[in-house]
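Enquirer: sequence-free structure coming up:
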């Protein structure tokens, strides 16, 4: 009997030990995994829901080994980091929601692994893999080419394209912020192979897309090339917005660049990715600019005529009436004005001007100044304070007295003022016509008989070969002057004067009548005598009154 009790006690002891050992080891499993069939490219996050089952000791869960295997994932977050104990007969089942955050704009798939690590006890970790295709948003504004690129995808994200830089190299736009019709644009596009194998037959395309019309303003492509693993290539592309009529109806515009290739890391699977930049196209209400400037001769001889032709484009959304142009250069005694007439919005009118080169002109490159004037004879100006004033270089050589060509070209025009007794501002454009960069020191002379110099801004300017810069001269005009006044702009390089450019400005007389009289000393003497006689008469009258 005692033996049976002892055996029962021993059996109970081993059962307790066995039970304790069983509970000490957490035993988890994962089931009922619910992965979305697809995710929106711009969604930013998605959820995976699954059951976590425990048949052992309660434990905290370590999710930190969860990671992406394809695409980019910013972070994982989980609805629970703990599960209570359970047994094989009564397991604990807990529903867990995993939230995966990802950067928008990706193509292809996002794939990864979710790992549930046991912190308490000696149980084994459990994990599962997932893969979710990325879809483009259902947005009709996105070009079909970009939708197709997204569908092709970029497995492994080995192929990368980036719009590095956008510059307006000619025109009135401001790089990536806004463009004007007729601007010339330069864009740098970088293509990288971030994978471990060569990507072949890489083709880059780009274009400007009007989301309102759902159509390309233009689209172009580059020749195919290959990239070894880890290599990159930067493409510099140039294009002109050469037809303002494309922008007559307005719209929202996006510049796209996209690239396709065959990725050797995935058995030459087709891959595609893209980048984009929103662009404003300015349709200034009242702005006319010049385009397609041509001279009948590249080099003009002295005592010969040359024909200047161009197009005046109305790049605003208002019709313009009585448009005219003025072409002038003080050194060559050229000052011509022609009437163009009315120009519809986003339309053009061609014009021509014939000019005569003087026999005694100096052989050098001159800057002809062209101004486009509105019906009030004011220069057109846009909302960014740019004026429709253009410099056209003209080389004069042959049949002249000298063949020396200076290293700078100076042209000047009235910026503001022009009245006696007021401030006068002259805007000057300096062009480096030499073959090397130079620093020009600017000064003026021969003005003291009609004005005082207030400022020169800037007093020195650094220009590369062929580059132009602007300088403002501010004068305080004397009150007693009127008519055409002159002064000389001088340029110095290395303390040597290389150019002295005469400038003529018209000054309107002061509205102060005394300033007018001040120009005629005889009138002033006569006025003085009259005043003196009046004083004498008053004194005599006062003396007679006193004597009475």
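Expert: Here it is on my side, so go on. Predicted model, so just to flag it, every value in this text is computed and none were measured. Residues are numbered from 1 along each chain as shown.

Enquirer: chain center to stretch 379-390, what's the gap?
Expert: Put simply, stretch 379-390 sits 19 Å off its chain's centre (C-alpha atoms, centre = their mean, to the nearest Å).

Enquirer: quick one: buried residues of that stretch?
Expert: 380, 382, 387-390 (16 or more other C-beta atoms under 10 Å). (C-beta placed from N, C-alpha, C; glycine too.)

Enquirer: then stretch 132-147?
Expert: 132, 134-136, 142-143, 145-146.

Enquirer: dump these into TSV; add distance to residue 440 as well.
Expert: Shown next, in TSV, are those (distance: C-beta to C-beta, whole Å):
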residue	distance to residue 440
132	63
134	57
135	59
136	55
142	51
143	48
145	49
146	49
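
Enquirer: for those residues, which one is nearest residue 72?
Expert: Of all these, residue 134 has the smallest distance to residue 72: 11.0 Å, by C-beta to C-beta.

Enquirer: quick check: pLDDT value at the closest one.
Expert: pLDDT, the model's per-residue confidence, is 87 for residue 134.

Enquirer: try residue 18
Expert: Residue 18 carries a pLDDT value of 43.

Enquirer: ok, now residue 10?
Expert: With respect to pLDDT, residue 10 has a value of 47.

Enquirer: just checking the distance from the helix or strand encompassing residue 337 to the centre of its chain.
Expert: Under the criterion of DSSP states H and E, residue 337 resides in strand 334-343. Its chain's C-alpha centre and that of strand 334-343 lie 33 Å apart, by C-alpha atoms, centre = their mean.

Enquirer: so for it, what gets flagged as buried?
Expert: Buried, per 16+ other C-beta under 10 Å, within strand 334-343: 334, 336, 340, 343.

Enquirer: low pLDDT regions in the stretch 1-150 of the chain?
Expert: 1-24, 137-140 (pLDDT under 70).

Enquirer: switch the cut-off to 50
Expert: Along the stretch 1-150 of the chain, segments meeting pLDDT under 50 span 1-3, 5-6, 8, 10-23.

Enquirer: over to the chain?
Expert: Within the chain, the ranges that satisfy pLDDT under 50 run 1-3, 5-6, 8, 10-23, 403-405, 513-519.

Enquirer: how is this protein divided into domains?
Expert: According to automatic domain parsing, the chain comprises the domains 2-135, 144-281, 406-511, 517-547.

Enquirer: tell me what the strand or helix carrying residue 351 is packed against?
Expert: Following DSSP H and E, one finds residue 351 within strand 348-356. Packed against strand 348-356, as judged by 3 or more C-beta pairs under 8 Å, 6 or more residues apart in numbering; DSSP states H and E, are the following elements: strand 305-314, strand 320-329, strand 334-343.

Enquirer: picking up where we left off before, residue 459: which of the buried residues of strand 334-343 is nearest?
Expert: residue 334 (29.3 Å).

Enquirer: ok, and the closest non-adjacent residue to the closest one?
Expert: Closest residue in space to residue 334, ignoring its immediate chain neighbours: residue 355 at 5.2 Å, by C-beta to C-beta, 6 or more residues apart in numbering.

Enquirer: swap in residue 181?
Expert: In space, residue 181 is closest to residue 244, 3.6 Å off (C-beta to C-beta, 6+ apart).

Enquirer: residue 205 now?
Expert: residue 221 (4.3 Å).

Enquirer: repeat that for residue 354.
Expert: residue 307 (5.2 Å).

Enquirer: would you map the helices across this structure?
Expert: Using DSSP state H, the helices found in the chain span residues 2-24, 144-152, 513-518, 521-547.

Enquirer: what comes into contact with the second one?
Expert: Spelled out, that is helix 144-152. The contact list for helix 144-152 (C-beta atoms under 8 Å, 6 or more residues apart in numbering) reads 41, 107, 134-136, 205, 219, 256, 258, 260, 270-274, 276.

Enquirer: quick one: distance of that helix to the chain centre.
Expert: Mean C-alpha position of helix 144-152 versus that of the full chain (C-alpha atoms, centre = their mean) differs by 26 Å.

Enquirer: run a quick neighbour tally on the closest residue to residue 117 other than its chain neighbours.
Expert: Distance criterion C-beta to C-beta, 6+ apart; nearest residue to residue 117, sequence neighbours excluded, is residue 62 at 3.5 Å. By other C-beta atoms under 10 Å, the residues close to residue 62 number 14.

Enquirer: hmm, residue 429 is touching residue 470, no?
Expert: Yes - counting by C-beta atoms under 8 Å, residue 470 is a contact partner of residue 429 at 5.7 Å.

Enquirer: more crowded one of the two?
Expert: More crowded of residue 429 and residue 470, by other C-beta under 10 Å: residue 429, with 18 against 12.

Enquirer: neighbours of residue 420, how many?
Expert: Here the count is done by other C-beta under 10 Å, and residue 420 has 23 residues near it.

Enquirer: contacting residues for it?
Expert: When contacts are counted by C-beta under 8 Å, 6+ apart, residue 420 touches 477-482, 507-510, 515.

Enquirer: from the residues you listed, which land in strands?
Expert: Those of those mapping onto strands are 477, 507, per DSSP state E.
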